[in-house]
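A.B. asks: No sequence on hand, only this structure:
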């Protein structure tokens, strides 16, 4: 596969992650993650979760506590490294829970590995962005 095709597939996989998040769809979220136990996730302000079951349980909990969430993805950079790829970005997040809307930003890194010809998420790490350093 050439780099252009791999980059397009990576962009689609990254978007599928955020579409599953916005849809609050646990099945769609599970589909974007790698199927082995090496997956990791760090939600903003939380400690690292290890293993697919714990990671998916965290998404279930987030989805149950969230009425709506929307992302604007900015400053997106993609890097291909053979069978691994990184997506670095800023998430502009609007959430609604219990009728209250909140807006914030997080800086995120999504690490993907190619499994069975498709990009699958190995790591999502998001940290609150209080201010930007130039």
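C.D. replies: Done, it's in. Predicted model only: the values in this text are computed from it and were never measured.
A.B. asks: quick one, longest helix in this protein?
C.D. replies: When the chain is scanned for its longest helix (criterion: DSSP state H), the result is helix 3-23.
A.B. asks: Pull the distance from it to the chain's centre.
C.D. replies: 10 Å (CA atoms, centre = their mean, to the nearest Å).
A.B. asks: downstream neighbour of it in the secondary structure list?
C.D. replies: helix 26-32 (DSSP states H and E).
A.B. asks: Give the buried residues for stretch 91-105.
C.D. replies: Buried residues in stretch 91-105, defined by neighbour count with 16 or more other CB atoms under 10 Å: 91-93, 95, 105. Bear in mind the C-beta positions are built from the backbone N, C-alpha and C, glycine included.
A.B. asks: Quick one: the strands in this structure, in order.
C.D. replies: Taking DSSP state E as the test, the strands found in the chain are 40-42, 49-50, 68-81, 84-97, 100-115, 118-128.
A.B. asks: could you give the mean pLDDT of the last one?
C.D. replies: Confidence over strand 118-128, taken as the mean pLDDT, stands at 96.
A.B. asks: try the second one
C.D. replies: If you average the pLDDT over strand 49-50, you get 96.
A.B. asks: so what secondary structure elements neighbour it?
C.D. replies: Under the contact criterion of 3 or more CB pairs under 8 Å, 6 or more residues apart in numbering; DSSP states H and E, strand 49-50 touches strand 40-42.
A.B. asks: coming back round to it: between the strands of the chain, which one is closest to residue 23.
C.D. replies: Closest of these to residue 23 is strand 68-81, at 9.4 Å (criterion: CB to CB).
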